[in-house]
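K.L.:
got a sequence here, can you build the structure:
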Amino acid sequence: MPNKIVLISCVATKRDKPLPAQELYNSDLFHKTLNYGKSLNPDKMYILSAKHYLLPLKKVIAPYDLTLNNMAAEEKKEWANKVLDIMKYKKLDLENDEFIILAGSTYSKYLLPELKNVKLPLKGLRIGQQKSFLKKKLEQLKKAINELKNRFYEIIKRKRRELI
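P.N.:
From the prediction side, this is the model:
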């Protein structure tokens, strides 16, 4: 059975000391993307990092200053090839796993031709639009969770009354 893999991109703003990757990156967009990615209940989730390539969320790393935005096309292709090599090493199935990429085209462009089952929920959205999309999705999720909690509590109340 294929796995669901969520890939999010790193951001320039970082905290000033070594931390687990999911805590190191510090921007509103990153936090929303991380939370939305987690809400998709992936089998695995990674950060696409200009320096660290395919970065596990809990791996402790030091702050750094490197971005794909300043790299030439050939450097971006080399970076993508290293990411793909790491994916293969980690036994991700590039043919069958479902990849949900929550990153801009700078980070996904050279990965896409090698991944056969890809979803790009943020495709074509500018940063403000991405934040709006993610905020809306997270609010919908919060509302659904609250509705489930309320239903659960109603069932518990009903069962308690039946037992009295």
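K.L.:
how about the strands in this structure?
P.N.:
Here the chain has its strands, by DSSP state E, at 4-9, 19-20, 44-49, 53-56, 60-61, 98-102, 118-119.
K.L.:
among those, which comes closest to residue 132?
P.N.:
strand 98-102 (14.2 Å; Cβ to Cβ). (C-beta placed from N, C-alpha, C; glycine too.)
K.L.:
ok so, going back, could you save the strands of the chain as a markdown table and add columns showing mean neighbour count, distance to residue 141 and mean pLDDT?
P.N.:
Below are these laid out as a markdown table (neighbours: other Cβ atoms under 10 Å; distance: least, Cβ to Cβ, whole Å; pLDDT from 0 to 100):
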| stretch | mean neighbour count | distance to residue 141 | mean pLDDT |
| --- | --- | --- | --- |
| strand 4-9 | 23 | 14 | 97 |
| strand 19-20 | 15 | 23 | 96 |
| strand 44-49 | 22 | 16 | 97 |
| strand 53-56 | 19 | 23 | 97 |
| strand 60-61 | 15 | 28 | 96 |
| strand 98-102 | 22 | 15 | 97 |
| strand 118-119 | 16 | 17 | 96 |
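K.L.:
can you redo these as a markdown table with distance to residue 88?
P.N.:
Converted to a markdown table, those look like this (distance: least, Cβ to Cβ, whole Å):
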| stretch | distance to residue 88 |
| --- | --- |
| strand 4-9 | 13 |
| strand 19-20 | 24 |
| strand 44-49 | 14 |
| strand 53-56 | 10 |
| strand 60-61 | 22 |
| strand 98-102 | 13 |
| strand 118-119 | 16 |
